[in-house]
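In: structure here, sequence nowhere to be found:
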């Protein structure tokens, strides 16, 4: 029953300008992740995670952003900005964690200040080794948040509805 409500909510979200928004967000998120990974690899885009996991984070992050924007523009009461912020945060985290494993230029200096050089090297290498699991966790976080928001949109008691067109 809940799945039908979520599918119906997904169909109501993905129309017209929201499809274009999702495509644009996916392109921007992929560019951000790829640039961050290449920055950490000194110009060479060598990811420690498989490319399909990077695509999964990009896709789920862009979908979460699209659903969040839909909620913001179609909600009668005050809308939560959590969907847009968390989708962007997971894409950013994917870019940071995607290049770990060789003393990455972004994560290592921060860790070195916080926990010391030896521990920073350990954490950086550990993230590099488990990059697939990190990307899977980021994707699952996005999917969980999408399910929450789609369930809210598909719930008949929810006040999220498409705004009526002007003149009708």
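Out: Received, thanks. Treat the numbers as computed from the prediction; the structure is a model and nothing was measured.

In: which residues in the protein form helices?
Out: 2-13, 17-40, 51-74, 82-98, 107-115, 117-129, 131-154 (DSSP state H).

In: can you tell me which of those helices the model trusts least?
Out: When the helices of the chain are compared on mean pLDDT, helix 82-98 scores lowest, with a mean of 65.

In: surely residue 9 is in contact with residue 154?
Out: Yes - contact criterion CB atoms under 8 Å: residue 9 and residue 154 qualify, at 3.8 Å. Where you see a C-beta, it was placed from the backbone N, CA and C, and this is true even at glycine.

In: make TSV out of the helices of the chain and add mean neighbour count.
Out: Output for those, formatted as TSV (neighbours: other CB atoms under 10 Å):
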stretch	mean neighbour count
helix 2-13	15
helix 17-40	18
helix 51-74	21
helix 82-98	21
helix 107-115	15
helix 117-129	15
helix 131-154	18
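
In: can you tell me how far residue 60 is from residue 11?
Out: From residue 60 across to residue 11, the span is 18 Å (CB to CB, to the nearest Å).

In: who's in contact with residue 55?
Out: Each residue near residue 55 by CB atoms under 8 Å, 6 or more residues apart in numbering is listed here: residue 30.

In: residue 70 versus residue 16, what's the distance?
Out: Look at residue 16 and residue 70: by CB to CB, they are 11 Å apart.

In: what of residue 121?
Out: Noted for residue 121: a distance of 43 Å to residue 70, by CB to CB.
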